[in-house]
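J.: would you be able to build a 3D model of this:
(chains A and B)
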Amino acid sequence: MLILKDVDCFYGKGQVLNGTSLEVGEGELVGLVGRNGVGKTTTLKAVMGLIPAKNGSVRFCGRNIAELPPYQVPRMGISYVPQGRHLFPKLTVRENLEIACVEGKADSARMEEIFGYFPRVKERLTQKAGTLSGGEQQMVAIGRALIASPRLILLDEPTEGLMPLLVQSIAESVKAINEKGTSILLVEQNLKILKEICRRIYIMEKGAIVYEGTSSEIDAAMDVQERYLSVKV
Amino acid sequence: MASNLAVAIVNGIVWGLIMALIALGLNLIFGLLHIINMAHGALYMLGAVAAWYFIELTGNYWLALAAAPILVGGIGLALERGLLRTIEDKPLVTIICTFGIMLALQQLVLMYFGGTARRIALPVAARFPLFDLQYPAMRVIIAAISVVVMGGLWLFLNKTRYGLWMRGVVQDREMAVALGIPVHKVYMWTFVLGSFLAAFSGVLAAPIVSVDFMMGREILIMAFIIVIVGGLGTLWGSVVTAVMISLIQGVGSIFVVPSTATVFSLGFMILVLLVRPQGLLRAPCSRTRERGPGSSWRSAASSRRWPRSPSSRTFSTRPS
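T.: Numbers count the residues shown, from 1 in each chain, chains lettered A, B, ... in the order given. Presented below is the predicted three-dimensional model:
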């Protein structure tokens, strides 16, 4: 479905992605993990066209999306939940959801589905998004990504800075969303969460994918965890 | 004395509402495109001049009020697509470019329209008594039209999809792109809307002031003062400030000559900038939301908050 092949990305002269290749299949929930600054967020931005991919190709459903103007990429059926949520703080929660329906009105059945995952969002509809708590903002951000009925969602550290109870509930929602058929590429620092919900996990280091495996394979490969994630076990 | 004061206050409100429209256009363009539009006053002047020609042709002021802003909006469209699009995100260059547009437009008008000031007759000649004076009803009508247009603008921004997009793009441009909003189209229409508003207020002002090729100069400076005092990006602040400054000048000019009364409004600006540098009606800049470390979100956000970037500081604190 989504195939990145040998993608290079630069911030000015600094190279951040160095031949990144990965794949997300139809209906898959794939994890992407790595230390700070290895290029996980950049990978997602390269898919969205927010940072141009210099070399290599980004294909989605057989189409090279790297050559599209950036605002066309979400219209292909890819939604993006950036790190730090990036809601529009001065818009109400309802407006934050509606603004994502770029090609038509908000579908009320879709709205109800979002409220099904996150009942809290429904209670906050008329509130300004900037006044919500971090967890609530994350729920709205995921809701905003869902409303356009995407085929693939790119999720960047959805559990960052949330309290443990919420971390678990967000992780469960992500899994539930995936089980309804939406493919998800999940970037996380929290390997434990990834191992719980993802079938396949990529590990990234210095702008490239250095390991790929199922959660049980990663569990077995202690040396990999040591080397790339410095996880004490 | 009482009638003088009453006239000064009514005049101040009328003029303030016209200025508010001009400042709203300037503020919209700044908020979305981050362009300090030095040509805004020239677009205002162009609206008035175009209206004069329309009235010469048709004799109908109301027709001119509809047609001239659309024409100038079209010019705005050409300017944005042809010029400003190519120098996006370069604040210094856009200032020089829009300054050049201003000079070019002024010279063009001087060439064809001539240097003499012309008057447009009041389309509604009726007067009503205000204390012991007869006040022209047209001015009140102008003020009412201005309020209606502002109401329309509010509805547009708050109730339409395009308005929602515009408010979204102001707050987080990169996220707007990531949601599929055609940001460049939004920019283009914002510039057209701003040009339209400038020209519209030009036509509204034309029966009150005289129409000449330099009429946009002073307006531009006043509009900048209003936008800065009211708060960059705060539309409501521009409206309130426009009326306030105009009242201060109007009432001030009862006591001193009108040109000296400008000192009062400048003094008011200095006072506001000292006490509330973020603007009269704007919440202080605080970063309530966390941003990803070192990500380009941060640079996008700080370039949006104009006074934060050092290269642009000189322009926001020294408007005139």
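
J.: residue B:163 reaches residue B:156, doesn't it?
T.: Yes - at 4.9 Å, residue B:163 counts as touching residue B:156 under the criterion of CB atoms under 8 Å. Backbone N, C-alpha and C define where each C-beta goes, glycine included.

J.: quick one, longest helix in chain A?
T.: helix A:164-179 (DSSP state H).

J.: distance from that helix to the middle of the chain?
T.: Centre-to-centre, helix A:164-179 and its host chain are 13 Å apart (CA atoms, centre = their mean, to the nearest Å).

J.: count the neighbours of the residue in the stretch 151-300 of chain B positioned nearest to chain A for me.
T.: When scored by CB to the nearest CB, the stretch 151-300 of chain B has residue B:180 as its residue closest to chain A, at 3.7 Å. Summarising burial for residue B:180: neighbours were counted as other CB atoms under 10 Å in any protein chain shown, giving 23.

J.: rewinding a little: tell me the strands beside the very next helix or strand once past the longest helix of chain A, with direction?
T.: Per DSSP states H and E, the first helix or strand lying C-terminal to helix A:164-179 is strand A:183-188. Here strand A:183-188 has these sheet partners by DSSP bridges: strand A:29-34 (parallel), strand A:152-156 (parallel).

J.: adding mean neighbour count and mean pLDDT, write those strands out as JSON lines.
T.: Below are the strands paired with strand A:183-188 laid out as JSON lines (neighbours: other CB atoms under 10 Å in any protein chain shown; pLDDT from 0 to 100):
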{"stretch": "strand A:29-34", "mean neighbour count": "25", "mean pLDDT": "94"}
{"stretch": "strand A:152-156", "mean neighbour count": "24", "mean pLDDT": "96"}
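
J.: make JSON lines from these and add distance to residue B:100 to it.
T.: Listed next are the strands paired with strand A:183-188 as JSON lines, based on distance: least, CB to CB, whole Å:
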{"stretch": "strand A:29-34", "distance to residue B:100": "49"}
{"stretch": "strand A:152-156", "distance to residue B:100": "43"}
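
J.: and the longest helix of chain A, does that touch chain B?
T.: No - if you take CB under 8 Å from any CB of the partner chain as the test, helix A:164-179 misses chain B, and the best it gets is 15.6 Å.

J.: chain B contacts on chain A?
T.: Counting by CB under 8 Å from any CB, chain A sits next to chain B at A:11, A:36-37, A:41, A:45, A:48, A:50-51, A:70-75, A:80, A:82-86, A:88-91, A:95, A:98-100, A:102-103, A:130, A:144, A:148, A:161.

J.: report the buried members of these.
T.: The neighbour count (16 or more other CB atoms under 10 Å in any protein chain shown) marks A:41, A:45, A:48, A:50-51, A:70-71, A:73-74, A:80, A:82-86, A:88-91, A:95, A:98-100, A:102, A:144, A:148 as buried among the residues of chain A next to chain B.

J.: gap between residue A:214 and residue A:200?
T.: Distance of residue A:214 to residue A:200, computed by CB to CB, to the nearest Å: 6 Å.

J.: who has more neighbours out of the two?
T.: The neighbour comparison of residue A:214 against residue A:200 (other CB under 10 Å) goes to residue A:200, with 20 against 13.

J.: where exactly do the helices run in the chain?
T.: In the absence of a named chain, this looks at chain A. Under DSSP H, chain A gives helices at A:40-48, A:93-98, A:108-117, A:119-123, A:134-146, A:164-179, A:191-197, A:215-220, A:222-224.

J.: wait, I meant chain B there
T.: B:2-33, B:40-58, B:61-82, B:91-113, B:137-159, B:161-171, B:173-178, B:183-205, B:215-230, B:235-255, B:258-275, B:296-304, B:313-317.

J.: export those helices to CSV and tack on mean neighbour count, mean pLDDT and distance to chain A?
T.: Converted to CSV, the helices of chain B look like this (neighbours: other CB atoms under 10 Å in any protein chain shown; pLDDT from 0 to 100; distance: least, CB to the nearest CB, whole Å):
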stretch, mean neighbour count, mean pLDDT, distance to chain A
helix B:2-33, 22, 93, 12
helix B:40-58, 25, 96, 25
helix B:61-82, 19, 96, 16
helix B:91-113, 16, 95, 19
helix B:137-159, 16, 96, 9
helix B:161-171, 20, 94, 5
helix B:173-178, 24, 94, 4
helix B:183-205, 25, 96, 6
helix B:215-230, 24, 92, 17
helix B:235-255, 21, 91, 12
helix B:258-275, 15, 86, 22
helix B:296-304, 17, 40, 7
helix B:313-317, 13, 35, 21
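
J.: hang on, the earlier thing: does the residue of the stretch 151-300 of chain B closest to chain A touch residue A:102 like I think?
T.: Yes - using CB under 8 Å, residue B:180 is in contact with residue A:102, at 4.1 Å.

J.: list residues touching both of those two?
T.: Shared contacts of residue B:180 and residue A:102, defined by CB atoms under 8 Å, 6 or more residues apart in numbering or on different chains, are found at A:74-75, A:148.

J.: okay, those in CSV with pLDDT and distance to residue A:210 next?
T.: As requested, those are exported to CSV (pLDDT from 0 to 100; distance: CB to CB, whole Å):
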residue, pLDDT, distance to residue A:210
A:74, 94, 29
A:75, 93, 33
A:148, 89, 33
